[in-house]
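Novice: Provided below for reference: sequence and predicted model.
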Amino acid sequence: MADMQQLKTQGLEDTMSRQGGAARLVQKLVDGAEKLNLDYSAVGNPPVFPTDAFPWAREVEKEWRLIRAELDQVLTRKGELPAFHEISSEVRSISSDQNWKTFFLCGYGIKSEAAIAQCPETWRILQKIPGLKSAMFSIFEPGKHLPPHRGPYNGVLRFHLGLIVPDEPDKIGIRIQDQVCHWKEGEALIFDDAYEHEAWNHSDKVRVVLFVDFEKPTRFPASLTNKAVLNLAVFTPFIREGYKAHKKWEKLFYGEGRQHR
């Protein structure tokens with residue numbers, strides 16, 4: 001029996017060692033891809049980008065009121081929306097309260113068909129964004145402050161479109177690296193979340209933006225490696241766990257007898 005237990009223990013250690021080795025290999029590949037993304041960026045590597053660097057951004061801005069109208073319908077049930085950390089476990093290191101809510105449309109190969117059906121104009125407009133990887137409404141309740149943090153991978157850029165932004169720039173903003181920016185309704189903010197950033201809503205009103213990640217434009221060979229890394233994201237535990245958590249929430253939100261609004 002002792003020999004059998006020893007074999008089981010050794011087998012577990014061998015499995016953990018192999019898993020650790022695989023994780024190190026993946027991290028090495030990701031590190032290599034990140035370096036290529038910096039070296040072969042087609043748009044440079046600033047923390048914050050001018051909106052006109054991406055012509056499609058102005059096209060999205062033009063139709064922002066259609067997105068806002070669908071958001072307003074979603075917010076009629078704001079109290080039922082999930083906190084971000086309830087859907088994405090990786091967020092728990094920076095947010096664990098109920099003051100950052102989200103309404104998820106898509107993310108890294110996964111779509112919420114129910115949410116898309118509820119917000120068809122938003123979904124149509126999102127198709128203007130080349131390399132769209134994820135999209136959601138990001139809702140900061142009054143008093144929310146996200147501490148300084150960095151994104152996990154530099155192969156995407158982040159697009160925020162102001163939808164509900166109280167006119168209190170002294171109380172509402174985002175810092176990316178050493179630059180403090182302020183959202184405005186109907187205007188885009190595009191930045192690289194691989195730089196340290198923090199965001200806050202110290203007002204007594206709700207702030208909402210359309211929150212999008214899109215593939216960073218790169219030249220060959222980074223254009224190939226980056227796409228490969230992003231396509232593999234759907235197989236990571238974070239994405240799979242988030243998908244399961246969101247499907248569970250959807251069953252409650254869009255349960256039998258409830259109509260999409």
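Specialist: Nice, I can see it.

Novice: give me the buried positions along the helix or strand containing D72.
Specialist: Using DSSP states H and E, D72 falls within helix 64-74. For helix 64-74, burial by neighbour count (16 or more other C-beta atoms under 10 Å) applies to 64, 67-68, 70-71, 74. (C-beta placed from N, C-alpha, C; glycine too.)

Novice: just send these back as JSON lines, with pLDDT too.
Specialist: Listed next are these as JSON lines, based on pLDDT from 0 to 100:
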{"residue": "W64", "pLDDT": "98"}
{"residue": "I67", "pLDDT": "98"}
{"residue": "R68", "pLDDT": "98"}
{"residue": "E70", "pLDDT": "98"}
{"residue": "L71", "pLDDT": "98"}
{"residue": "V74", "pLDDT": "98"}
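
Novice: which one of those residues is nearest K133?
Specialist: I67 (18.1 Å; C-beta to C-beta).

Novice: F84: what's it in contact with?
Specialist: Counting by C-beta atoms under 8 Å, 6 or more residues apart in numbering, F84 makes contact with 91, 95, 100-102, 138.

Novice: output the residues you listed as a markdown table; include the columns secondary structure.
Specialist: Formatted as a markdown table, the contacts of F84 follow (DSSP: H, G, I helix; E, B strand; the rest coil):
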| residue | secondary structure |
| --- | --- |
| V91 | helix |
| S95 | coil |
| W100 | strand |
| K101 | strand |
| T102 | strand |
| S138 | strand |
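
Novice: so which of these is surrounded by the most neighbours?
Specialist: In terms of neighbour count, K101 stands highest of the contacts of F84 at 24 neighbours, by other C-beta atoms under 10 Å.

Novice: any idea how far P50 is from that residue?
Specialist: 30 Å (C-beta to C-beta, to the nearest Å).

Novice: before we move on, back to that, just checking, what packs against the helix holding D72?
Specialist: helix 113-118, helix 120-126, strand 156-164, strand 207-215 (3 or more C-beta pairs under 8 Å, 6 or more residues apart in numbering; DSSP states H and E).

Novice: mind checking which of these is nearest V43?
Specialist: strand 156-164 (8.0 Å).

Novice: what's in contact with that closest one?
Specialist: 49, 54, 57, 60-61, 64, 67-68, 71, 129, 133, 137-138, 151, 174, 183-193, 206-216, 230.
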